[in-house]
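**Q** just to be clear, the model below is a prediction. Sequence and coordinates:
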Amino acid sequence: MINALTNRPYTGENADILMSSGFEDPRFLTFAQARRLGRRVKKGSKGIGLRRIVEVNQMNPRTNRFEKVKRPRFFTVFNWTQTEG
């Protein structure tokens, strides 16, 4: 299971989710990535929800300083076969 734009493999829980999705084509991409490649998501296609853990700077009210905090970000991907163009 790889990202169709970056060719990077999905890892961990996201790889498991995509492997169990039933698609034979291993390429997945977000709506924005499809547009960037000149493709469009077919009408009625259902995306697959994934999450990525990212580090963000957040103000700590006790110390009044910014600290790096890990937060989940959620995004939806579509299989390459769900796009056209």
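**A** All right, it came through fine.

**Q** what's the pLDDT at the residue most central in space within the chain?
**A** Among the residues of the chain, the one closest to the centroid is Phe75, at 4.9 Å (Cα atoms, centre = their mean). Phe75 is assigned a predicted lDDT (pLDDT) of 96.

**Q** I'd guessed it sits against Arg51; true?
**A** Yes: using Cβ atoms under 8 Å, Phe75 makes contact with Arg51 at a distance of 7.5 Å. Glycine gets a C-beta too; all of them are placed from N, C-alpha and C.

**Q** can you pull out the helices in this protein?
**A** Ranges of helices in the chain, per DSSP state H, are 12-19, 31-36.

**Q** quick revisit: tell me the contacts of the residue nearest to the centre of the chain?
**A** Contacts were defined as Cβ atoms under 8 Å, 6 or more residues apart in numbering; by that measure Phe75 touches Thr30, Gly49, Leu50, Arg51, Arg52.

**Q** quick revisit: dump the helices of the chain to CSV, plus mean neighbour count.
**A** CSV is the format used below for those (neighbours: other Cβ atoms under 10 Å):
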stretch, mean neighbour count
helix 12-19, 14
helix 31-36, 15
